[in-house]
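S.K.: For reference, the sequence and a predicted model appear below.
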Amino acid sequence: MARVLPFLVGILLSYMGLSKAGANGRDDNCTKSHPLIWSIGGIVDLGSRVGKEKEIAMEIAINDSNKSTCSKLALPVRNSSGSSARAASAVLNIVKNEQVQAIIGTLTSSLVEQISEIDNSTKDIPIISLAPFAMYTPWSPQLPPLIHMGSNISLATRCIAAVVGHFRWRKVTAIYEQNNRLSTECCFLTHLSDSLQVVDSVIDHHSSFSRTAIEEELKKLKGKSNRVFILTQSSIEFAVLLFDKAKQMGMMRKGYVWIVSNEIANLFDSVDSQSFSTMQGVIGIKTDYIDSSKSFREFKLKFRHKYRIAYPEEEEFSNPSFFALQAYDATWVVAKAIEKSQGRTNREKFLTTNIHSTNSKGLTGEITFKRGTLLKEETFQIINVVGKSYNAIALWSLNSGFSVGEIGPIYWPGGMQKAPKGWNSTASLGNERKEMRIGIPAKGAFEQFVRVDYDHNLNRTNVTGFSVYVFEKVVRRLPYHLPYIFVPFNGSYDELVEQVYNKKTLDAAVGDTSIMAKRYRFADFSQPYLDSRLVMVVPAKPAGEKLHFTKVFKKEMWATLGALSVFIGFVVWLIERTENPDFENHLGAMLWFSVTVLFSVQKEALRSNLARIVLAPWFFAILIVGASFSAILSSTSTVSQLKQPVIDQNSMVGCDRNSFICSHLVDELNFKQVNVKEIDSIDDYPEAFKTKYIAAAFFVEPHAKVFLAKYCEGYTMAGPTYQLGGFGFVFPKGSPLVNDISEAILQLSENGELNELEKGIFSSNCSSSNDLDQDPSLGLGPFSGLFSITGGIALSAFLITMFRQLRNRRRVSSCLDSTTTIEEIGPPSSGLSDCQCERGNSTLKKDTQLEMC
């Protein structure tokens, strides 16, 4: 027993030594070989939630590293207090007093550049930036090595733009927190503006908010028409204050849209349920990561434990956010790089190289760097705040877009079931105005388009007309309610457009307003609801035509008809001439038959069936052509052909007093000012024509059609036409209504409703057409098939007849060549003379004679 006891004690002591070494994660050789302590400096805002999380996460990473590696790491931390100046001072202090080998903190590239200008000794110290957004900046030997761990700012803004584009919001308002730190607001807005342009949207307004002026700034935004707000950059504390104040001011109700970037949404895991109560319906862009791994669960337990100890008053919401994971990964990357740099002579250089060459998997995902930024395709969660937390409604990545075709379901502010339109047409009108004021021309010459009547009994103004009906149908097709009232305007159309441009009394204009290039400087126009050209209307007189009947058919028709008649007459004569004595006269008989057969008055009796076959389709063709000739001749004789006068720049011409046409005739078509007469009403034009006050009137085509529909006789459209932009509705520059109204107009056009309205306004009881451009003459087209059949049959008969005659000629020729004499023994009237062929004293039989003849 005495021998065994020392042995057991030795084993126990050895075990205790090994256990101690194992607990420290290092052996004695590791401690003796590497006695140096390495320092990693931390620069965070300890007054903010995200700064507290980063400090706790970095401490956990240092502890984990010290337990698993031979390096002894220290983490001196300095408080930046959210100030750029204090952050710069903290960096200089920690470099000087702590002899740090690397720095981790919320430092931007511009701040790092300023620090290096103050103290050149910092240029060899690698800096890991935990700023929310990363931007590539070219490295310079005079600057410290800067490695970004933040999200790619371009991807973040593209994701936000994808959400905006998905819901077709054309304008957004960008909001960011005003502070005294050098940040990336301007760069973020630039990237966001570029990304929004891709989805046909723009930043209508951007505003910097301070914590003391949130209510004042929100009042300004509430008075604007845009209702889509994007909180681009702020602390979570500011975001909570902002949404609380917005809720109090009624800006979290129906119709509003709030989107927050991943700088804010990434902290939603650390927000208490009370704060969520003021964010109902907010959409967030959150960086996606795997939260089900073993390493994440272990980190979460450590984080919650340390956070509760450090900040017991925040125990309820002590979950780590994405920024805590990011800080842990950054510290771990530096710790691993330090371990690889042990024993190197130029350790700062090797440390930077080892950080850049990192290729590992952290809590936030794969960690690989390229040109100083993370090399990975980030995926973003689209989240929606509902109740006491948030729901993930979609995933978005640059290459794949949204993970599902539709985003949702979404709880919108105020409990709306469908996506808000993103703007309020009456917001800029003032509290006393709740409807759009839409101007209409009260003194237009054509009341068929806009008519204003005042009902004295009911004390109200009635507005009717084609343009008004179209607008009312368009508004009914909008996916939202659009309140409006019509306001009669007594000025010209150009003045009406200018009133919309000024936005003082009118918010839009509806009427027969032509879309002109010069008007685009002042306003935007919807899709044309009616095409138009500039046309000229003139009085016309019946033009006498001595040979009017020749206009029934076109020249090629007459030529074909004559050629076929002569050819068919020739073929019939060729067939009948040997058997029918009525066709003995060669040329005269043929031509006379060709003429008489056209009118079915021929007296010649046909004896050959082949001739009858030729004439049968020709008679049918003559019947069809004759009927067509009679119909067209009767129609064109009843409807007088009108003769238009010659109009030039020296002629007196009329135009609508309030229209653009009067100035257009002088400025563009070079008419003399004194020759351009202004007419007040459509009913004044006939009197002006009658008294020779004007020789012609210029209208836009829809007006011309209305005029000709009302005054059927004696007027016609004539001369060249000039293409215009059509009739459209007028809106202020940049109005989001333009796209929705234009889409509704196209829907009306495609389903035929617009065409039905046009039929009503352009309908006329006139039985005639006043358009001289219509040519009633018929060409070969309708008869080409009939003529082809008739001509083909005649040609076939001609070939058959020629073949027969050639065969008979050969037989007669053969008889003559054999010195046989032929005697005519039958009467010539028999059609085929009996012949007698004699060879010496022998006589052929009758059937042989006939065959040889």
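M.R.: All right, it came through fine.

S.K.: quick one: pLDDT of Phe323?
M.R.: Per-residue confidence (pLDDT) for Phe323: 93.

S.K.: Could you do Trp38 as well?
M.R.: So, for Trp38, pLDDT stands at 85.

S.K.: so after the helix or strand hosting it, what's the next helix or strand?
M.R.: Assigned by DSSP states H and E, Trp38 belongs to strand 37-44. Once strand 37-44 ends, the next helix or strand along the chain (criterion: DSSP H and E) is helix 49-68.

S.K.: quick revisit: export the strand holding Trp38 as CSV, just CAs?
M.R.: Presented in CSV, the C-alpha positions along strand 37-44 are these (Å, rounded to 0.1, in the frame of the first residue of the first chain):
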residue,chain,number,x,y,z
ILE,A,37,-0.5,40.1,-25.7
TRP,A,38,-2.1,41.4,-28.8
SER,A,39,-4.7,44.2,-28.7
ILE,A,40,-7.7,44.8,-30.9
GLY,A,41,-9.2,48.2,-30.5
GLY,A,42,-13.0,48.7,-30.5
ILE,A,43,-14.7,52.0,-31.5
VAL,A,44,-18.4,51.9,-30.8
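
S.K.: how close does the residue lying closest to Arg477 once chain neighbours are set aside get to Glu753?
M.R.: Leaving out its chain neighbours, the residue that sits closest to Arg477 by C-beta to C-beta, 6 or more residues apart in numbering is Ala744, at 4.1 Å. In short, each C-beta sits where N, CA and C put it, glycine included. As judged by C-beta to C-beta, to the nearest Å, Ala744 and Glu753 stand 11 Å apart.

S.K.: more neighbours, these two?
M.R.: Neighbours were counted for Ala744 and for Glu753 using other C-beta atoms under 10 Å; Ala744 has more, 22 against 16.

S.K.: Report the spatially nearest residue to Gly150, omitting neighbours in sequence.
M.R.: Using C-beta to C-beta, 6+ apart, the closest residue to Gly150 is Ala134 (4.1 Å).

S.K.: is the one you found in a bridge, and if so with what?
M.R.: Beta-bridge pairing for Ala134 (DSSP bridges): Asn152.

S.K.: Wait, it touches Ser154, no?
M.R.: No. Using C-beta atoms under 8 Å, Ala134 is not in contact with Ser154; the gap is 9.4 Å.

S.K.: by contact count, what packs against the helix or strand where Lys306 lies?
M.R.: Using DSSP H and E, Lys306 falls within helix 294-310. Under the contact definition 3 or more C-beta pairs under 8 Å, 6 or more residues apart in numbering; DSSP states H and E, helix 294-310 sits against helix 49-68, helix 322-340.

S.K.: Single out the most deeply packed of those.
M.R.: Highest mean neighbour count among the helices and strands packed on helix 294-310 (mean count of other C-beta atoms under 10 Å): helix 322-340, with a mean of 24.

S.K.: the inter-axis angle of it versus helix 49-68?
M.R.: Orientation check (axes from the mean of the first three to the mean of the last three C-alpha atoms, to 10 degrees): helix 322-340 against helix 49-68 gives 30 degrees.

S.K.: Now do helix 322-340 against strand 37-44, angle only.
M.R.: Using the same axes, to 10 degrees, the inter-axis angle of helix 322-340 relative to strand 37-44 is 160 degrees.

S.K.: picking that back up, state the distance from the residue nearest to Gly150 to Gln381.
M.R.: Distance, Ala134 to Gln381, by C-beta to C-beta: 19 Å.

S.K.: Same question for Arg308.
M.R.: Arg308 sits 27 Å away from Gln381 when distances are taken as C-beta to C-beta.

S.K.: Those two: which has the busier surroundings?
M.R.: Gln381 (22 against 14).

S.K.: Which strand or helix spans that one?
M.R.: Assigned by DSSP H and E, Gln381 belongs to strand 379-386.

S.K.: ok, now which ones touch the residue lying closest to Gly362 once chain neighbours are set aside?
M.R.: Closest residue to Gly362 apart from its sequence neighbours, by C-beta to C-beta, 6+ apart: Asp329 at 3.6 Å. By C-beta atoms under 8 Å, 6 or more residues apart in numbering, Asp329 lies in contact with 61, 149, 362-364, 367.

S.K.: gap between the two ends of stretch 515-528?
M.R.: With C-alpha to C-alpha, to the nearest Å applied, stretch 515-528 spans 8 Å between its terminal residues.

S.K.: Quick check: buried residues in it?
M.R.: Buried residues in stretch 515-528, counting neighbours by 16 or more other C-beta atoms under 10 Å, are found at 515-516, 519, 522-528.

S.K.: ok, now stretch 412-423?
M.R.: 412-413, 416, 419-423.

S.K.: go on, stretch 398-417?
M.R.: 402, 407, 410-413, 416.

S.K.: and that stretch, what's its mean pLDDT?
M.R.: Average pLDDT, stretch 398-417: 84.

S.K.: Just the residues contacting it, thanks.
M.R.: Residues contacting stretch 398-417 (C-beta under 8 Å, 6+ apart): 155, 158, 162-163, 166, 252-258, 280-283, 377, 382, 384-386, 393-396, 418-420.

S.K.: Show the buried residues in these.
M.R.: Using 16+ other C-beta under 10 Å as the burial test, the contacts of stretch 398-417 include 155, 158, 162-163, 166, 252, 255-258, 280-283, 382, 384-386, 393-394, 396, 419-420 as buried.

S.K.: Now, these that are in helices?
M.R.: Cross-referencing those against helices under DSSP state H gives 155, 158, 162-163, 166.

S.K.: The residues you listed into TSV, with extra columns for distance to Pro441?
M.R.: Output for these, formatted as TSV (distance: C-beta to C-beta, whole Å):
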residue	distance to Pro441
Leu155	51
Arg158	45
Ala162	43
Val163	41
His166	39
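
S.K.: nearest to Ile338, of these?
M.R.: Relative to Ile338, the closest of those is Leu155; by C-beta to C-beta it sits at 30.2 Å.

S.K.: wait, isn't that closest one in contact with Glu378?
M.R.: Yes. Between Leu155 and Glu378 there is a contact at 5.4 Å, judged by C-beta under 8 Å.

S.K.: Mean confidence (pLDDT) on the longest helix along the chain, please.
M.R.: Longest helix in the chain, counting residues (DSSP H): helix 784-817. For helix 784-817, mean pLDDT is 75.

S.K.: Could you do stretch 44-52 as well?
M.R.: Mean per-residue pLDDT for stretch 44-52: 91.
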